[in-house]
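A.B. asks: Predicted model and sequence below, questions to follow.
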Amino acid sequence: MNGRDAVELEHVTRTYVRENFEVRALDDVTLRIPEHSFVGIMGPSGSGKTTLLNLITGIDHPTDGHVSVGGEEIAGMSENDLADWRARHIGLVFQFYNLIPVLTAYENVELPLLLTDLPKQERRTHVEAALESVGLSERMKHYPRQLSGGQEQRVAIARAIVTDPTIVVADEPTGDLDAKSAEEILTLLAQLNQRFKKTIVMVTHDARAQRFVDTIFRLDKGVFVGAENSLVGGGAQ
Amino acid sequence: MKFAMLVLKSLLRSKRRTLLTVLSIAVSLFIFSALVSLPTVANHVLADSASSVRIACRTKMGQAYPLPEAYKSKIAATPHVVAIEPDNFFAGIYHEVSDQFPNIAVDPDQINVMWPDWGFSPGSVEEFKKLRTATLVAEGTMKRFHLSVGQQIQLRGGGYYPVNVTLKIVGTIAKGPAPSFLMFRRDYLEEIMGRPGRVDNFWVRADSSQAVPAIIQSVNSEFANSSAETQCDSESAFLGSIIGRFRMFFTLARILGLIVVITIGLVAANAAAMSIRERRTEIAVMRSIGFRSPLILRLLVAESIVTALAGCILGCGAAFALLKVFSVTSDVLGPFVGAIHIPPPALLQTLLAAVLIGLLSSYVPARSAVRRRIVDALRMVD
């Protein structure tokens, strides 16, 4: 660690109103995620893990408190500014991959690059490198329906890293995969963290994740209950 | 341009739905373009004749009543008159009742002076003057009935002229008053009718368009208080009075065209709404990876406009082809139907209708989709 923080949450509270009842999804959470770290966020269902992730990526706003990512305060940004900011700084990986079904693996990975000014040839270089890094160079022309779950998630990871974002955020990336594929995805994320020094924040229920991450943040009922260093943090090769 | 691939791929997501939407828009725009062409063509016909030096003189009592043949020499003596052509609306039938087309009997002497713009084939006017049973036939009619110059044909008369005429084709007319049309000699008709001296209409040509009002005034005054008073009008006014009878239908055509477009707009809106609803998660994913909402909105609307424009091309193409066939084969619906084509203003209106269908049908569902909270669309609440 070099001591800088990739993510900083200061007294963040997020409340929802559901059927006239106020739900406190996050309650006065303060935490820091160091740059280049691989962090797992764990906790039981309803503990506010995904809400935390949504706040870090700017697709949700805190009711109170400050969220800063890469040194930028994002809580007050407009929707358009947030979209631009996400395009530059955030790589998102979803539980159900969320690839665009009518686009090939190549086109799915190219999607975030369409928002840049890169010429076509340069986009091609980036996409090929991203797919290469997830081991799917041979599947560029395949559509999502022609790929296995594990392969789809790899394409999603390639899409998340193709713009070289400040931080990769993964929401239950192994939640829909079998044990073998889940292991592969965790290994891949750990490699990205180690080789390319990507800061990775991953929400997970998967106990295996503890072997791959540096730190685990635990949440319970919206409250941050503590961080623990993983015993085998960064152990994946 | 780099987003064109996204638009096209999305359009091909459900090929059947896209095809059906394109076809439904094509049918509606086909009807729309044909309907809005009717009044436009009528206005075009009138604009064409606006600067004409021709005058039509008929009886004040209406077209059912004839004028005396003797008026010819009196009208010809009016100052500034350079030619006069009496004509009779023979309305003969070729073979079947459905084979009707405008046919008139005229005096042969001055047809090329009266109608130099009709494009008589070379040498045909001379032949027409020589042969009493000669006929000049529009090219549309020649094609329609597979006729050829030199061929003999028979027309069956009816109404005021219950006689048959046997005619020899001596030439063609390239640009007559209707695509399908025929003229033959009045002296031949007079002879077989027993020389009643009947004239349905006098065409008068002035030496300049400035002289037209004076000639009208002079001729109408000449025959005022006679047993057959005349009503002379410029060619433009004369055609306007004929077209005017169809004005109500033209208005109806415009209203029908609008109703068709609105109806199909609603169908297209339903298709767009379904398509967008199915893609809410995708839209949320695109926003979460950095696509701005206005950009996604533009892409969704562009899809819809491309669909509508594809329908427009198909619909206008079909209407163009059909009206082309119409112009050669149809006379039974009236002399102007054959002249209908899709003029540029109608094409522009149809194009505008297509863009509006595309824009309005997708804007509301697309706007609603891109304004939805990303978290809700992804169902990412834990």
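C.D. replies: Okay, I see it. Numbers count the residues shown, from 1 in each chain, chains lettered A, B, ... in the order given.

A.B. asks: got the contact list for A:V155?
C.D. replies: The neighbourhood of A:V155, defined by C-beta atoms under 8 Å, 6 or more residues apart in numbering or on different chains, consists of A:Y97, A:L99, A:A105, A:N108, A:V109, A:L131, A:V134, A:L136, A:R139, A:P144, A:L147. From N, CA and C alone the C-beta is placed, and that goes for glycine too.

A.B. asks: Swap in 7 Å and give it another go.
C.D. replies: Shown in contact with A:V155 (C-beta atoms under 7 Å, 6 or more residues apart in numbering or on different chains): A:L99, A:A105, A:N108, A:V109, A:L136, A:L147.

A.B. asks: Report the central residue of chain A.
C.D. replies: A:V169 (1.1 Å; C-alpha atoms, centre = their mean).

A.B. asks: Distance of that residue relative to chain B?
C.D. replies: For A:V169, the distance to chain B (C-beta to the nearest C-beta, to the nearest Å) stands at 10 Å.

A.B. asks: Provide the secondary structure category for that residue.
C.D. replies: strand (DSSP: H, G, I helix; E, B strand; the rest coil).

A.B. asks: Tell me what it is bridged to.
C.D. replies: Beta-bridge partners for A:V169, by DSSP bridges, are A:L92, A:V201.

A.B. asks: surely it meets A:L55?
C.D. replies: No. With contact defined as C-beta atoms under 7 Å, A:V169 does not count as touching A:L55 (10.5 Å).

A.B. asks: For the residue of the stretch 251-382 of chain B found nearest chain A, which non-adjacent residue is closest in space?
C.D. replies: Relative to chain A, the nearest point of the stretch 251-382 of chain B is B:G290 (2.5 Å; C-beta to the nearest C-beta). Spatially, and ignoring its direct neighbours in sequence, B:G290 is nearest to A:A87 (2.5 Å; C-beta to C-beta, 6 or more residues apart in numbering or on different chains).

A.B. asks: re the thing from before, go through the contacts of A:V155 and name the one nearest chain B.
C.D. replies: Using C-beta to the nearest C-beta, the contacts of A:V155 come closest to chain B at A:L99, 8.4 Å.

A.B. asks: what's the spacing between the closest residue to the closest one other than its chain neighbours and chain B?
C.D. replies: Spatial nearest neighbour of A:L99, chain neighbours left out: A:P144 (4.3 Å); criterion: C-beta to C-beta, 6+ apart. A:P144 sits 11 Å away from chain B, taking C-beta to the nearest C-beta as the criterion.

A.B. asks: my read is B:F184 is in a helix, agree?
C.D. replies: No. In this structure, B:F184 is strand, not part of a helix, as judged by three-state DSSP.

A.B. asks: My read is that it contacts B:A105, right?
C.D. replies: Yes. At 5.6 Å, B:F184 counts as touching B:A105 under the criterion of C-beta under 7 Å.

A.B. asks: Of the two, which one has the most company?
C.D. replies: B:F184 (31 against 25; other C-beta atoms under 10 Å in any protein chain shown).

A.B. asks: Not counting residues beside it along the chain, what's closest to the more buried one?
C.D. replies: B:T135 (4.2 Å).

A.B. asks: Rounded mean pLDDT for stretch A:113-129, please.
C.D. replies: Model confidence over stretch A:113-129, given as mean pLDDT, is 95.

A.B. asks: Any chance you could list what contacts it?
C.D. replies: A:A87, A:Y106, A:V109, A:E110, A:S137, A:V162, A:T163, B:K2, B:F3, B:G290, B:F291.

A.B. asks: Pull out the buried residues from it.
C.D. replies: Of all the residues in stretch A:113-129, those buried under the rule 16 or more other C-beta atoms under 10 Å in any protein chain shown are A:L113, A:L114, A:L115, A:T116, A:L118, A:R123, A:H126, A:V127, A:E128.

A.B. asks: Also stretch A:13-23?
C.D. replies: Applying 16+ other C-beta under 10 Å to stretch A:13-23 flags A:R14 as buried.

A.B. asks: Quote the end-to-end distance of that stretch.
C.D. replies: One end of stretch A:13-23 sits 11 Å from the other (C-alpha to C-alpha, to the nearest Å).

A.B. asks: List the contacts of it.
C.D. replies: Counting by C-beta under 7 Å, 6+ apart, A:R24, A:A25, A:L26, A:D27, A:D28, A:T51, A:L55, A:D60, A:P62, A:T63, A:D64, A:G65 sit against stretch A:13-23.

A.B. asks: again, only this time at 6 Å
C.D. replies: Residues from elsewhere that reach stretch A:13-23, judged by C-beta atoms under 6 Å, 6 or more residues apart in numbering or on different chains: A:R24, A:A25, A:L26, A:D27, A:D28, A:T51, A:P62, A:T63, A:D64, A:G65.

A.B. asks: quick revisit: how near is the residue nearest to B:F184 to chain A?
C.D. replies: Taking C-beta to the nearest C-beta, one finds B:T135 at 64 Å from chain A.

A.B. asks: any idea which element that residue lies in?
C.D. replies: Assessed by DSSP states H and E, B:T135 sits inside strand B:134-138.

A.B. asks: What mean pLDDT does the very next helix or strand once past that strand get?
C.D. replies: Using DSSP H and E, the helix or strand that follows strand B:134-138 towards the C-terminus is helix B:139-144. Helix B:139-144 carries an average pLDDT of 88.

A.B. asks: Alpha carbons only: can I get helix B:139-144 in PDB?
C.D. replies: Output in PDB follows, covering the C-alpha atoms of helix B:139-144 (Å, rounded to 0.1, in the frame of the first residue of the first chain):
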ATOM      1  CA  GLU B 139     -49.300   7.100 -75.700                       C
ATOM      2  CA  GLY B 140     -50.900   5.800 -72.500                       C
ATOM      3  CA  THR B 141     -53.900   4.500 -74.400                       C
ATOM      4  CA  MET B 142     -51.600   3.000 -77.000                       C
ATOM      5  CA  LYS B 143     -49.800   1.100 -74.300                       C
ATOM      6  CA  ARG B 144     -52.900   0.200 -72.400                       C
END
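
A.B. asks: List the buried residues in it.
C.D. replies: Quick answer for helix B:139-144 (16+ other C-beta under 10 Å): B:E139, B:G140, B:T141, B:M142, B:R144.

A.B. asks: Could you save those residues as a markdown table and add columns showing distance to B:G150?
C.D. replies: Below are the buried residues of helix B:139-144 laid out as a markdown table (distance: C-beta to C-beta, whole Å):
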| residue | distance to B:G150 |
| --- | --- |
| B:E139 | 16 |
| B:G140 | 19 |
| B:T141 | 15 |
| B:M142 | 12 |
| B:R144 | 18 |
